[in-house]
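Student: Got a sequence here, can you model it:
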Amino acid sequence: MICRKCGATLDDGSRFCYYCGEVFSEEDEKDWNAIDQKEKEIAEMEEAEIKRAVANMIYTTTPTIEGRKITKYLDIIYGSAVIGTGFISDLGAAISDLLGDKSNMYNGKLNYARSEALTQLKKAAIRQGADAVVGVEMDIMTVGSNMFVVNVSGTAVKLNDDLS
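Tutor: From the prediction side, this is the model:
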């Protein structure tokens, strides 16, 4: 809930503003609840639109996109994800190492980090107004003995509308 007089953020159901002393009626609370609900609906629609755009974003490791002409180079963009392996994953990896097997726990965490970094890269491209990302590179590092860092970079570009 936001105080209309001073703009302070308040607990839902507050009857007065702790900051400026403004007193609220039940009607005020109903109005605020309606506004909050509308803002949530808008945010959910925007999130759904962003998810669609992320899913449809073209990205490639190559400097060009076959059949499309790059009309504008917008900016170099980045995405990154840092994820801890945790004690259980470390223990599982140690056992897998002893047995000469792959570590599914590490694999799962690393795949998650890759996916998250690529999603961040695509969202950065969307914020730039890009149609695609070219020259994508991914680096994976470890920090200490129990953290993965995945960094992804590329160039956000605009493409021609001709799909031939």
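Student: I figured Val133 hits Lys123, correct?
Tutor: No: Val133 is not in contact with Lys123 according to Cβ atoms under 8 Å; the separation is 10.9 Å. In short, each C-beta sits where N, CA and C put it, glycine included.
Student: Looking at the two, which is more packed in?
Tutor: Val133 (28 against 17; other Cβ atoms under 10 Å).
Student: that's a strand at that one, yeah?
Tutor: Yes: secondary structure of Val133 (DSSP: H, G, I helix; E, B strand; the rest coil): part of a strand.
Student: beta partners for it?
Tutor: Tyr59, Ala156 (DSSP bridges).
Student: what residues go with each domain of the protein?
Tutor: 1-56, 58-159 (automatic domain parsing).
Student: Now the shortest one: average pLDDT?
Tutor: The predicted model gives domain 1-56 an average pLDDT of 75.
Student: and the longest strand along the chain, average pLDDT?
Tutor: Counting by DSSP state E, the longest strand found in the chain is strand 70-84. Across strand 70-84, the average pLDDT comes to 92.
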